[in-house]
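[1] what follows is a predicted structure for the sequence shown.
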Amino acid sequence: MDVAIIGAAGYTGVELCRLLSFHPQARITGLFEARFLGKLVSELYPHLRGQVDLPLRPFSLPEVTREAQAVFCALPHGKSLEIVPPLVEAGLKVIDLSADFRFADPKVYADWYQNHTAPGLLAQAVYGLPEIFREKIRPARLVANPGCYPTSILLPLIPLVRRGLVQADSIIANSLSGTSGAGRTPNPELLFSEVTGGLKAYSVGTHRHAPEIEAYLSCFSPAPARVLFVPHLMPIPRGILSTIYFQATRAIGDQEIHQLLQEDYREEPFVRVLPPGSLPNTRNVVGSNLIEIGIKHDPRTGKTVLVSALDNLVKGAAGQAVQNLNLLFGIPETTGLHLPVVFP
C-alpha cells in the first residue's frame, strides 16, 4: 500500500510516520506539510532517523494521486474541507483525522465548527470506529477517524446503550488527557511551567467532542443521548483516562456488565475488558493501540461507573487510522499494530 500523509509535521502526522515505518505492507511515498518545507521529518523528530527520512513537501494533488493509493489527512479542523474532496474525486482512499467529516448532519458541524463546504461528501463518509462500524468501513472511500475523547467514551458505552441499559440523558463523562492532545502549535498554557504540578478542567459543556459523542451514542439509543462532557488537562505527554457515570434502566451489577462487554469485545484485539475490581491506568496502554475498560457499579447511589484508558495519539488517532487503513485494503486488522506498551 503506497500512502501519503498530509499534515505530516504535527503530533498525529509524525505518529503515523512511526507506525507506518514498521508496517510490513505499507510504504510512505510522500509527506506533505505547509511548514518546514524541504526539511526531513527526521530532522524535526530525531527519533525517526533511519526509519523515515523523507522531506516535507507542499501539497500537490497531481503528486499525491501519482504516488499514493491512500491518504491520511492530519490537518486542523476546516482544512480538510479543501483537501479531501479532490482526493476522493481522484479515486484515492482517504482517512481524515479531523472532525470535518464525522457528522452526517452539516448543521451540527456548522453549530460547533464552521459552515460545511463539502456537504455532498458526508453521505459517503464512514465513522472510523472499527469495533463498531467495521463492515461499513471496509468498502468506504472516505473514513472519518474518531476523536480521541469520543473513542474513550463510545467503546465502553455502546454495548450497554444498544441493549437499552443506559438512561440516555444521565451520562456524565470526565476525561483527563495529556498535553499532546492539544497539538504542536505553540500555546503559553501548555508550557511546562504552566502545566506541571497542576490539573485543570477546560471547555466544560462546550467541548467540540460532546456532539460527536452524543451523535454516535444516539445511533444505538431509542432516545437521543445527552452527555455532560468535562475534559481535563493532565501534566503528562500522552494518554487519556475517562471516567463515565450513568444511571442504568434496571438493576445491574459488575458481573453482568463485564459479561456484556466481554460478549462484544472478546474477539477484539485492541479492547481489553478488565475483570471486576480492576481499573485502567494510562501507564498500561501508552504506546499501544489498546483501550482498557474497567467497571464499577455503586449500589449505594445506584450509579454505574465505567473507566477507560488509551493512548490519545495511537488508539485515539494514528493507530486507529492505521487500523482503518488495514480494513480498507482487506488485510488483517492488526497488521503493523502489534505495539508494545511503553512502561514505565
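    Good, I have the coordinates. Numbering: from 1, shown residues only.
[2] okay, CA-based contacts and neighbour counts for the rest of this
    Fine.
[3] now residue 103, what's its secondary structure?
    coil (DSSP: H, G, I helix; E, B strand; the rest coil).
[4] which phi and psi does it have?
    Per-residue torsions, residue 103: phi -110, psi 130 (degrees, to the nearest 10).
[5] ditto for residue 248
    Taking degrees, to the nearest 10, you get phi -80, psi 160 for the backbone angles of residue 248.
[6] I would like the residues contacting stretch 34-49, please.
    Stretch 34-49 is contacted by residues 7-9, 14, 18, 52-59 when judged by C-alpha atoms under 8 Å, 6 or more residues apart in numbering.
[7] typed the wrong thing, it's stretch 20-29
    Residues beyond stretch 20-29 that count as contacts (C-alpha under 8 Å, 6+ apart) turn out to be 1-5, 17, 51-52, 67-68, 322, 335-337.
[8] check these and tell me the two furthest apart.
    Greatest spacing in the contacts of stretch 20-29, by C-alpha to C-alpha: 67 and 337 (23.8 Å).
[9] which of those two has more residues huddled nearby?
    Legend: neighbour count by other C-alpha atoms under 10 Å for residue 67 and residue 337, higher for residue 337 (22 against 15).
[10] give the buried subset of the contacts of stretch 20-29 as a ChimeraX selection command.
    With 16 or more other C-alpha atoms under 10 Å as the criterion, this ChimeraX line picks the buried residues out of the contacts of stretch 20-29:
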select :1,3,4,5,17,52,68,322,335,336,337
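[11] and of the contacts of stretch 20-29, the nearest to residue 146?
    The nearest one, if we look at the contacts of stretch 20-29 relative to residue 146 and count by C-alpha to C-alpha, is residue 322, at 12.5 Å.
[12] from residue 338, how far off is the closest one?
    Note on residue 322: its distance to residue 338, by C-alpha to C-alpha, to the nearest Å, is 12 Å.
[13] now the worst-scoring helix or strand of the chain on mean pLDDT: how far from the chain's centre is it?
    Every helix and strand in the chain was compared by mean pLDDT, DSSP states H and E; the lowest is helix 192-195, with a mean of 82. Taking C-alpha atoms, centre = their mean, to the nearest Å, the mean C-alpha location of helix 192-195 is offset from the chain mean by 25 Å.
[14] can you give me the helices for the protein?
    Secondary structure of the chain by DSSP state H: the helices cover 11-21, 41-44, 61-67, 80-89, 106-112, 130-137, 148-161, 192-195, 209-218, 254-265, 319-328.
[15] could you dump these into a markdown table and include distance to residue 291?
    Below are those laid out as a markdown table (distance: least, C-alpha to C-alpha, whole Å):
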| stretch | distance to residue 291 |
| --- | --- |
| helix 11-21 | 17 |
| helix 41-44 | 29 |
| helix 61-67 | 33 |
| helix 80-89 | 27 |
| helix 106-112 | 27 |
| helix 130-137 | 11 |
| helix 148-161 | 7 |
| helix 192-195 | 25 |
| helix 209-218 | 17 |
| helix 254-265 | 11 |
| helix 319-328 | 11 |
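[16] out of the ones you listed, nearest to residue 241?
    With C-alpha to C-alpha as the criterion, residue 241 lies closest to helix 148-161 of these, at 7.7 Å.
[17] how far away is the most far-flung residue of the chain relative to its centre from residue 247?
    Largest separation from the mean C-alpha position in the chain: residue 300, at 34.1 Å (C-alpha atoms, centre = their mean). As judged by C-alpha to C-alpha, residue 300 and residue 247 stand 12 Å apart.
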